[in-house]
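1. Here you go, sequence then predicted model.
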Amino acid sequence: MTSIEELQDAFRQCMPLFIALGDEVRLTILEALTGNKPLQKGGMNVNQITEKTHLSRPAVSHHLKILKEAGLVNARQEGTANYYYPTITETTRKLMHLGFLLEEYID
């Protein structure tokens, strides 16, 4: 049986994810990162994301930081550039866990 404390903890763990996904600009960046070409090349750098989304570099960097903190993107360094790519495994697990707890709590 799921306790209210377990449920609250699961919601707290998912909060950064909800915040990150609740912004249209961040969704635009995620959409740009999930195209076929960027994934084949191992991600996109800030310049490429800026070109594709028509956002400023500072805006892209700011939103990438939030997406990274939420676990929705990660980066690999190549020379002086960081290449960002989507990473959803851990966030999917958190959401699934929250869903299971909610289902158990409601039943």
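-> Ah, there it is. Residues are numbered from 1 along each chain as shown.
2. buried ones in stretch 81-93?
-> Neighbour counts over stretch 81-93 (16 or more other Cβ atoms under 10 Å) mark Asn82, Tyr83, Tyr84, Tyr85, Pro86, Thr87, Thr91 as buried. Just so you know, the C-beta spots here come from the backbone N, C-alpha and C atoms, and that holds for glycine as well.
3. So the second one sits against Ile49, correct?
-> This points to Tyr83. No - using Cβ atoms under 8 Å, Tyr83 makes no contact with Ile49, being 10.0 Å away.
4. Leaving out sequence neighbours, find the closest residue to Glu90.
-> In this structure, Glu90 finds its nearest non-sequential neighbour in Gly71, 5.1 Å apart by Cβ to Cβ, 6 or more residues apart in numbering.
5. Can you classify that neighbour by secondary structure?
-> Three-state call for Gly71 (DSSP: H, G, I helix; E, B strand; the rest coil): coil.
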